[in-house]
Every structure is written in structure tokens, then in C-alpha cells.
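Chemist: all I have is the shape, not the residue letters:
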């Protein structure tokens, strides 16, 4: 009923930039928090950044000052601008959103995208 589609991953040299995009589609009444997680090989999935519907943001210490999360509520989309990328940023990046699918139901469901690979290497 709800899909999250990420785009924008790829291979970039250290110090470079990438912009990830994620759009939610399907049966959507409202979206509260949206965010980005990442998982590197052999490591646990970790929160990179998230943003509330009113625009309040939260970042992992490892990306503060380098990454910027933003969203466009008219498009049900969230973005992650990644600058000054480092090899340790290499991971699969997942979009995440808390979505209410019906005006008649208060339930909010956590949806996650399929992920997009980001590789930082020279």
C-alpha cells in the first residue's frame, strides 16, 4: 500500500558529494518523522539523520556538519545532502518514514525503502 523509493546513490571519491532522494507513494494520509539509516558491511544499522513534519532535525555525531536532511511535504519526499564524504560513510542507505494511511485510523506504521548503495572510494 505504501512504497518508499530511494535514488541518488553511487560511487564517489573522498571529499565528494551525493544527494539522496526518497519519495513515498501509495495510500498516505499523513507522514510524521522521516529519516535515513545506513548499514555498512559487518555493522549494525544506524540512524544517520531524521526530520519531523515541522522540520526539526537530528543527526548522528559522525555526520554533523557534513550531511543535511530536508523534506518536501508536498511531494512526500525526504532528501539527504552528503558533503565531504569519507570512506567510512560507505554503506547501504535506507529511507524511513512513519506514515498514517487512513483518516479513520490513528495507527502509524514504520515503512522502510529497499536501500541505495553509497560507496566512497578513490
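Modeler: Everything's here; your move. Not measured: the values here are computed from a predicted model.
Chemist: just the element for the residue located most distally from the centre of the chain, please.
Modeler: Taking CA atoms, centre = their mean, the residue of the chain most remote from its mean C-alpha position is residue 104, at 27.8 Å. For residue 104, there is no helix or strand it lies in under DSSP states H and E.
Chemist: and the closest residue to residue 36 other than its chain neighbours, how far is that from residue 26?
Modeler: Spatial nearest neighbour of residue 36, excluding adjacent residues (CB to CB, 6 or more residues apart in numbering): residue 48 at 4.4 Å. Every residue, glycine included, has its C-beta placed from N, CA and C. Distance of residue 48 to residue 26, given as CB to CB, to the nearest Å: 24 Å.
Chemist: sorry, back to before: please report phi then psi for the residue farthest from the centre of the chain.
Modeler: When quoted as degrees, to the nearest 10, the phi and psi of residue 104 stand at phi -90, psi -20.
Chemist: now do the contacts for the closest residue to residue 97 other than its chain neighbours.
Modeler: Beyond its immediate neighbours in the sequence, the residue positioned closest to residue 97 (CB to CB, 6+ apart) is residue 34, lying 4.6 Å away. Contact partners of residue 34, counting by CB atoms under 8 Å, 6 or more residues apart in numbering, are 22, 24, 50, 51, 71, 78, 95, 96, 97, 98.
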